[in-house]
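J.: Could you look at this predicted model? Sequence included:
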Amino acid sequence: MSRPLRYEAIDLPQHVIQRGNNRQATFFAEEDYAVYRECLKDAADRHECDVHAYVLMTNHVHVLMTPHQSGGIGKVLQSVGRRYVQYVNTQYRRTGTLWEGRYKASLIDSERYLLTCYRYIEMNPVRAGMVKHPDEYRWSSYAWHAQGLDDTVIRDHPCYLDLANSVSGRQSAYRRLLRAPLGSETLAEIRDALNQCRVYGGERFKDEIEAVLGRRVRPGKAGRPRKELQEKGK
């Protein structure tokens with residue numbers, strides 16, 4: 001089975017997940033999370049990627065970022081991987097790999113779906129039963145978006161800035177957004193798009209991306225291709 005293609009789409013946000021090898025832990029102490037966050041900031045700055053939201057879980061990470069150069073996301077994760085794995089191996093006297101070989105990413109329709117992705121990412125510790133409220137979890141971007149606590153990793157997306165004209169207004173509006181839980185259908189759509197490395201967005205956005213990339217971004221259907229598609233390929 002072939003591996004899903006990644007998107008080389010500049011200036012469009014992507015939801016990225018990277019898991020620990022064999023779903024094993026990748027963070028072992030509080031200082032590990034701090035080191036990873038520093039690695040992420042440095043790599044994102046160096047490779048021209050804006051990080052909009054993130055959460056660092058025990059055995060995986062979610063990051064929402066917009067690349068401004070071709071291959072930027074891959075370069076960021078490669079850089080973080082090298083630096084962080086070296087730190088962990090030295091700190092805990094271990095050897096070998098830490099992360100799964102390939103990260104997964106879905107392209108996000110920013111107009112309607114981006115803030116839903118913010119909520120999905122920052123509510124991860126709550127859904128996992130680790131905390132009752134996202135403000136109890138230190139290693140996510142929630143504190144910046146909802147409370148204004150300093151986070152040098154984050155570069156705000158225009159969709160977040162459009163929530164209100166003032167900083168306090170945006171934080172208040174964002175807190176209201178997170179009070180409404182994501183429905184099971186929405187959760188499934190986000191997970192499917194991410195695990196299959198596809199687009200999370202509306203049909204018009206998917207049409208536009210297929211036209212730009214020249215390839216299908218929707219799940220294929222079993223069976224023979226439709227006649228009109230066969231004719232187009234002649």
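T.: Everything's here; your move. Numbers count the residues shown, from 1 in each chain.
J.: Please count neighbours and contacts with C-alpha atoms only from this point.
T.: OK.
J.: Tell me where the chain has helices.
T.: 30-46, 72-91, 110-122, 124-127, 142, 158-161, 167-179, 184-195, 203-213, 227-232 (DSSP state H).
J.: Packed most tightly, which of the ones you listed would that be?
T.: helix 142 (a mean of 28; mean count of other CA atoms under 10 Å).
J.: returning to that earlier point: include mean pLDDT and distance to Gln24 when you put the helices of the chain into TSV, please.
T.: Below are the helices of the chain laid out as TSV (pLDDT from 0 to 100; distance: least, CA to CA, whole Å):
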stretch	mean pLDDT	distance to Gln24
helix 30-46	98	15
helix 72-91	95	13
helix 110-122	93	20
helix 124-127	97	17
helix 142	97	25
helix 158-161	96	33
helix 167-179	96	29
helix 184-195	94	18
helix 203-213	82	34
helix 227-232	41	43
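J.: Now distance to Leu149 too, for those helices, in JSON lines please.
T.: Formatted as JSON lines, these follow (distance: least, CA to CA, whole Å):
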{"stretch": "helix 30-46", "distance to Leu149": "15"}
{"stretch": "helix 72-91", "distance to Leu149": "24"}
{"stretch": "helix 110-122", "distance to Leu149": "15"}
{"stretch": "helix 124-127", "distance to Leu149": "19"}
{"stretch": "helix 142", "distance to Leu149": "9"}
{"stretch": "helix 158-161", "distance to Leu149": "16"}
{"stretch": "helix 167-179", "distance to Leu149": "10"}
{"stretch": "helix 184-195", "distance to Leu149": "27"}
{"stretch": "helix 203-213", "distance to Leu149": "34"}
{"stretch": "helix 227-232", "distance to Leu149": "52"}
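J.: and of those helices, who's closest to Pro219?
T.: Closest to Pro219 of those is helix 184-195 (CA to CA; 9.5 Å).
J.: picking that back up, quick one: which of the helices of the chain is nearest Glu100?
T.: Per CA to CA, nearest to Glu100 of the helices of the chain: helix 72-91, 10.3 Å.
J.: Check which helices and strands that closest one sits against.
T.: When contacts are defined as 3 or more CA pairs under 8 Å, 6 or more residues apart in numbering; DSSP states H and E, helix 72-91 sits against helix 30-46, strand 49-56, strand 60-67.
J.: can I get these in JSON lines with distance to Thr152?
T.: Below are the helices and strands packed on helix 72-91 laid out as JSON lines (distance: least, CA to CA, whole Å):
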{"stretch": "helix 30-46", "distance to Thr152": "7"}
{"stretch": "strand 49-56", "distance to Thr152": "10"}
{"stretch": "strand 60-67", "distance to Thr152": "14"}
